[in-house]
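**Q** here are the coordinates; sequence isn't available:
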């Protein structure tokens, strides 16, 4: 309770490790993007050249066939036509700015899909868009986050219930577990259950299945109605649900559909549920990516933690460590063992628990809380530490850090 | 420590309240979208009609001027032309699928901007996009989340330092505050400082300023280079940084620029920083929206909390309460007062603290942790409660809930 310097060290080191992870992720992302750029270049380059030639040949053929056409007239028409096409004035397209069209447009704004099939073309529309979009996007982010919270809570509940049932079936815990009369010997059962957490991989798998089912069902509707291939419909679903929204395929653009209101409603529901599912899936996946980053940081010998028996040592992870790649002299196995986070990961093996998810996801809120708690506790260094016996794992770190407020309130 | 039933009640009620908030947000979002649809319809409808007429007139005039042109020839050319225009084959446009173009495309995918100026047109490209985009988007979400965490930590640190300086200037805390020799009387100073948290409004304001500065600087670059008006450049910045990405304005599309490499690099940096800032801003704004939702829930008389002196009562917030709108008999002022969350809000008045931010933002992680903690602690009801003296506010709730693990580890 009164070891003054260790917590201060941890604060600095955690901060530096967070920075290292952030920089590592930036580097990984750039490499990933560079690799992706190369792959897509090889996949698409030939097609681009061919399509470009086709277009130029057709244009030349047209001009040859009708030599009397003034070039500037044709160019003006073509330029106007492509603008009109982009704005949806050509062919049997629906009106863009009737009420359903406007609602559809607003939906692509707040969800940040932004197909671009409808865009504000007046100055007034653009000005309103900026202010409207600001609150709309913030609201939609809150909506996605609340959905994520609800679905994770639900899945954790289900997974835990399944686990308890399995345990009971195997006779590993007593059937009287949930009864009110509790024997002292049940404490070990409870401990066993407490140690179990739903794996983030299971949650990821379930969300992946859920998102896939939504996409497959939606595609089955879109394929006949929009006269796309089934694969095109799936591609559209991914691009839309991920809120990328290229706009190369957009549903509900024709002037008339059978059961147009029903189709629009189904479309709305598909997009809302699809976006929510994929958003949740991406966030769960990002936790797995964060674990990979942690593993990479360890491999890069950047686990420059304070050795527990030597609380005065301050070792910082800096980008320099990363680029040098050399083994920092202060990094030892005991350092890593001394860190409860690593110990937790060792203990749980491959399984990333919901605790990891909760701690790491939604931007390491635990870290933020810790940092802010520490900021708010600055000057209280003599009250730091003393919670190390609180358990293992990220949530235990949180418990330790936050539990001290109790000590402070009652114990000082 | 041994009041068994109250915590169980709270659990159920918190869950129900979360559901009520989620449904309320969904309703609010639909109303907001409906209102937005109406506004945009009025703003854009006339322009649409006028542009459509202009296009049809020009087309008719062209056909009148050149009656010898076969209609199907012209239609085929126009259709091909608009496709070619959308694919960027027309005019002095850059190649879409050279390496820089491919990198740009990949950037719009992982950031979910999705301008759509470049889209995969081969089956292979589309298949790869789905798998590539899956991990790319998840990685980018992690990147944005880590950025948010870093910037919030940084801002909280700065704001707290400013606050302490102000306090010192006013003589409210002693200058020896940070010295090692601490007098017992300083405990009250510490309490005072602990009670202070940076306001989420300040953080929001700073992020808004930051995002605005990035957008204004970027626009100042885009305006002359892309030959847009300054307002068009700002509109582009908002649409891009919010990852909406309509594609009506896209930078770096022409074949040649002065200092093309520098421009592309600056463009990349602008978009990365802009997206990060706006993402953070949206998330902070979503907390304010959540506070508004909480206020609305209170106004709707849905604060169906358990009266503290009567731990056995279970009052659930359900959608039914919302739609009925009637005052539930169990809702009293003492109910609200008994709830530390409300009390906290009362105490801090208008100010939503960083604790609120941390608790509410990034999907009520605190709630998730609580839920999961409770799930993991199911069957431990006799060890619940007893942390009510731990403080006031959402983080205090977290402290209470999580602090109990310490009690469990050491006290049972």
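**A** Happy to help now that I have it. For clarity, every value in this text was computed on a predicted model and none was experimentally measured. Numbering: from 1, shown residues only, chains lettered A, B, ... in the order given.
**Q** contacting residues around residue A:280?
**A** Going by C-beta atoms under 8 Å, 6 or more residues apart in numbering or on different chains, residue A:280 touches A:144, A:147-148, A:151-152, A:207. Quick note: C-beta positions are derived from backbone N, CA and C, even for glycine.
**Q** now do the lengthiest helix in chain A, average pLDDT.
**A** Taking DSSP state H as the criterion, chain A has its longest helix at helix A:4-65. On average, the pLDDT along helix A:4-65 is 82.
**Q** mind giving me the packing neighbours of that helix?
**A** helix A:260-299, helix A:319-324, helix A:354-376, helix B:71-87, helix B:99-110, helix B:123-169 (3 or more C-beta pairs under 8 Å, 6 or more residues apart in numbering or on different chains; DSSP states H and E).
**Q** okay, the angle between the first one and helix A:99-110?
**A** Going back to what we said before, that points to helix A:260-299. Here the directions of helix A:260-299 and helix A:99-110 differ by 10 degrees (axes from the mean of the first three to the mean of the last three C-alpha atoms, to 10 degrees).
**Q** just the buried residues of helix A:260-299, please?
**A** A:263-264, A:266-268, A:270-291, A:293-294, A:296-297 (16 or more other C-beta atoms under 10 Å in any protein chain shown).
**Q** check the fourth one too.
**A** Of the residues in helix B:71-87, B:74, B:77-78, B:80-87 count as buried by neighbour count, 16+ other C-beta under 10 Å.
**Q** mind putting those residues in a markdown table, distance to chain A and pLDDT included?
**A** A markdown table is the format used below for those (distance: C-beta to the nearest C-beta, whole Å; pLDDT from 0 to 100):
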| residue | distance to chain A | pLDDT |
| --- | --- | --- |
| B:74 | 8 | 87 |
| B:77 | 5 | 88 |
| B:78 | 5 | 88 |
| B:80 | 5 | 88 |
| B:81 | 5 | 88 |
| B:82 | 4 | 86 |
| B:83 | 8 | 85 |
| B:84 | 4 | 86 |
| B:85 | 4 | 84 |
| B:86 | 7 | 83 |
| B:87 | 6 | 82 |
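**Q** angle of the helix or strand harbouring residue A:214 against helix A:260-299?
**A** Using DSSP states H and E, the element containing residue A:214 is helix A:200-226. Using the same axes, to 10 degrees, one finds that helix A:200-226 and helix A:260-299 are set 150 degrees apart in direction.
**Q** which residues touch whichever helix or strand comes after helix A:200-226?
**A** Later in the chain than helix A:200-226, the nearest helix or strand by DSSP H and E is helix A:230-241. Residues outside helix A:230-241 that contact it (C-beta under 8 Å, 6+ apart): A:113, A:115, A:211, A:214-216, A:218-220, A:222-223, A:226, A:228, A:245-246, A:248-251, A:270-271, A:274-275, A:277-278, B:114, B:123, B:126, B:129-130, B:133-134.
**Q** switch the cut-off to 6 Å
**A** For helix A:230-241, contacts defined as C-beta atoms under 6 Å, 6 or more residues apart in numbering or on different chains pick out A:113, A:215, A:218-219, A:222-223, A:246, A:249, A:274-275, A:278, B:126, B:130.
**Q** quick one: list the elements packing against the helix holding residue A:214.
**A** helix A:123-169, helix A:230-241, helix A:260-299 (3 or more C-beta pairs under 6 Å, 6 or more residues apart in numbering or on different chains; DSSP states H and E).
**Q** dump the ones you listed into CSV; add mean pLDDT and distance to residue A:70 as well.
**A** CSV is the format used below for those (pLDDT from 0 to 100; distance: least, C-beta to C-beta, whole Å):
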stretch, mean pLDDT, distance to residue A:70
helix A:123-169, 90, 33
helix A:230-241, 96, 39
helix A:260-299, 91, 42
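**Q** who wins for proximity to residue A:67 among the ones you listed?
**A** Counting by C-beta to C-beta, residue A:67 lies closest to helix A:230-241 out of those; the figure is 39.1 Å.
**Q** and that closest one, what's buried?
**A** For helix A:230-241, by 16+ other C-beta under 10 Å, it's A:232-241.
**Q** would CSV of the helices and strands packed on helix A:4-65 with distance to residue B:35 be doable?
**A** Formatted as CSV, those follow (distance: least, C-beta to C-beta, whole Å):
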stretch, distance to residue B:35
helix A:260-299, 16
helix A:319-324, 47
helix A:354-376, 29
helix B:71-87, 32
helix B:99-110, 30
helix B:123-169, 28
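**Q** thinking again about what came up before, average pLDDT across the helix holding residue A:214?
**A** For helix A:200-226, the per-residue pLDDT averages 93.
**Q** and it, what's buried?
**A** Residues A:200, A:202-204, A:206-208, A:210-211, A:214-215, A:218-219, A:222-223, A:225-226 are the ones in helix A:200-226 that count as buried (16+ other C-beta under 10 Å).
**Q** cool, and stretch A:90-100?
**A** A:90, A:94-97.
**Q** those in strands, which ones?
**A** Counting by DSSP state E, the buried residues of stretch A:90-100 place none of their members in strands.
**Q** which one of those residues is nearest chain B?
**A** Proximity of the buried residues of stretch A:90-100 to chain B (C-beta to the nearest C-beta) peaks at residue A:97, which lies at 4.3 Å.
**Q** for that closest one, what are its contacts?
**A** By C-beta under 6 Å, 6+ apart, the contact set of residue A:97 is B:41, B:44-45, B:48.
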